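Novice: only geometry, no sequence info:
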């Protein structure tokens, strides 16, 4: 045992170094793939965004030219601003509703109600289903002669119909005013459960004695929700809004599956879809990369704003 | 605030590193091309776009219609095709391939022990047609082994990714939007010498079709088949309608006759309404009428839009007018994915579609029972005919290991022996001239009308900006149908979009 024969001090140092080396060795495979496939690719994409590279073409340095073209509001082919507008609307509305509804569902499921386990499973199912599958199901439900129109028609025409209000079937995804809200509704439906589980965990972390103390002081259930539950859920709310914002600002697969290239009339075109569209349909890799980095900056700004308002530690 | 500053400094550090990389890399630009797709894919993942993970049809035509050459139609993401592993064609698949008279084929001297990979799109029934063509090739060139790798879905994206990494097949389909991209970046083999060896000339093909895949006299792809727009009408609906007069097969009728025919076939209201025809907000359905009326999409030098013309406006006013007054519908109004489906479900008296309708209506899996006939599109008020031609080509990769064998496959598949065999199966009409008198056409009116369009039709191809221009025109049609613009506004929108697309090249 060579190790044993070494003086105690040296042995300790050596072990530390050895542990370090072992640690780095364990990390190496991951680090290599991280550097090559993530940092390397990102760095190359930064470079590409400052060129005019097209598919199978040559890259010529054009400075901020590509960014200028992507942001130029006067070019009739430029869809970035339209896409950004759609994406921000999508994100703000979806995050707002999904966060509040997830809190609401979590609070309901956290209380002692009959069939609690059934509801937990039933409400969680949508989020373990692949988004492409859900998108396809909703695609058919939203059709002119689909389930949604059938249900709405049945309900409205049999009730309000008596006072003369009639429901006309709508092709939800073929209409510029209804297409994006239709996809937002679906997105809210599918993401609530994941966040609901986070809130459930958060709720269970709140010590019950606070509620008991409040009860003794005569606080109402509503008061306890606003003054105890919400403030103590703040870290979870921060996490959920940040995750929700990042996810919604990158919405892609629903658009890809449910719409015809972000149609009708680009009313469902999002930035992430535009990134894909520029690269794979328009062969313009430079623009695609440039839009990617603009989206990165947008997400970063959103994150900073949320951090300012929601993360208690950051505002100190 | 301190933490925010730290984040901002991290961001600027990242940008500095990026600029540094840029400065180093600026001189060695061309070498990096193969890495491009990986990088962009990685960015897409970093920003959360699962570009590769989604498997749904974007081009509705490719999936809805069992078709050789498809026109753009409304999207219907049903029937997502399943992946088929690459394989050599089995003997079982060759049962109906027919016997090739090898003496009629002028063979190219090929490399010994050549193995080729061959890719194309197509649903199950098109794949079977393709396999039979490969069977005929095998009879002719038994010394060449061909591995068929169908790409039923997302063909363009997949092909671009393969080419980026140099893993594309030796022979593959090329559509017009890809043609300029691949020819200009020297990804396709020049075929002229091999065509000569195989006894074929550029002029054997219809000019408007082969010119898409050529640069001057240099040919880089041979048109495999073509589609165009004709009238398919329902004989039962016509028999029940009062005053309906069947259109003449030879196209000797007018826009007024067409309107009257459509109006006579309308019946019912609400959910049970049967429309006279389907006028989709799709440039590819309106443009044939505009072209017949003398309209042009591009100026003669191809540098400017010519779409905003009186001829185009007359056609658009008339086309949209029939929709506006309820004579014509669009497929979504009857919950159909595309007009062919509306026609199959007997929700339209006639539709203006292409050859892809024929196998689609025949396919028992669709459960249609329509007695139909076909006729050419009407003549314009100027008395002239016009149509829009859709085509695709077989091309070989420029750096194929077996260039002669690859050229043999391309020339055989697009050659007269194979194209005639395909014609007889009723799958597609030839891109070669001189079949007008073919016996097959005597009792196949639809195919005859389709083949005839090649002599007066215009190819659906607008140079390197083809894809952008097609979308620009369809966007303007959609804006018109959604009431955002009038017909003049739609044409102005097309003009501006096309000019911007051409300036953007």
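Specialist: Received, thanks. All values reported here derive from a predicted model rather than from experimental measurement. Residues are numbered from 1 along each chain as shown, chains lettered A, B, ... in the order given.

Novice: pLDDT at the residue nearest to residue A:233 when sequence neighbours are not counted, what is it?
Specialist: When the adjacent residues along the chain are set aside, residue A:233 lies closest to residue A:202, with 5.0 Å between them (C-beta to C-beta, 6 or more residues apart in numbering or on different chains). From N, CA and C alone the C-beta is placed, and that goes for glycine too. Predicted confidence (pLDDT) for residue A:202: 91.

Novice: wait, residue A:202 touches residue A:231, no?
Specialist: No - Residue A:202 lies out of contact with residue A:231 (C-beta atoms under 8 Å); the separation is 11.6 Å.

Novice: which one of those two is surrounded by more residues?
Specialist: residue A:202 (21 against 11; other C-beta atoms under 10 Å in any protein chain shown).

Novice: contacting residues for that one?
Specialist: Residue A:202 makes contacts with A:106, A:232-233, A:235-236, as judged by C-beta atoms under 8 Å, 6 or more residues apart in numbering or on different chains.

Novice: can you check residue B:404 too?
Specialist: B:108-111, B:114, B:194.

Novice: and residue B:417, by the same measure?
Specialist: B:100-101, B:104-105, B:136, B:140.

Novice: list the buried ones in the helix or strand containing residue A:297?
Specialist: Using DSSP states H and E, residue A:297 falls within helix A:285-310. Using 16 or more other C-beta atoms under 10 Å in any protein chain shown as the test for burial, helix A:285-310 gives A:285-296, A:298-299, A:302-303, A:306-307, A:310.

Novice: check which helices and strands it sits against.
Specialist: helix A:41-49, helix A:65-71, helix A:80-110, helix A:234-249, helix A:271-276, helix A:312-315, helix B:2-25, helix B:36-46 (3 or more C-beta pairs under 8 Å, 6 or more residues apart in numbering or on different chains; DSSP states H and E).

Novice: rewinding a little: give me the ChimeraX select line for the contacts of residue B:404, limited to the buried ones.
Specialist: In ChimeraX, this line selects whichever of the contacts of residue B:404 come out buried by 16+ other C-beta under 10 Å:
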select /B:108,110,114,194
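
Novice: can you count the residues close to the closest residue to chain A within the stretch 201-350 of chain B?
Specialist: Nearest to chain A in the stretch 201-350 of chain B, going by C-beta to the nearest C-beta, is residue B:335, at a distance of 4.0 Å. If you count neighbours by other C-beta under 10 Å, residue B:335 ends up with 19.

Novice: show me what contacts the closest residue to it other than its chain neighbours?
Specialist: Nearest residue to residue B:335, sequence neighbours excluded (C-beta to C-beta, 6+ apart): residue A:145, at 4.0 Å. Shown in contact with residue A:145 (C-beta under 8 Å, 6+ apart): A:169, B:271, B:335.

Novice: one more time with 10 Å, if that's ok
Specialist: A:169, A:171, B:271, B:332-336 (C-beta atoms under 10 Å, 6 or more residues apart in numbering or on different chains).

Novice: any idea of the pLDDT on residue B:360?
Specialist: So residue B:360 comes in at 85 (pLDDT).

Novice: what number of residues lie near it?
Specialist: Residue B:360: 21 neighbours (other C-beta under 10 Å).

Novice: and what of residue B:100?
Specialist: That count, for residue B:100 with other C-beta under 10 Å as the rule, works out to 18.
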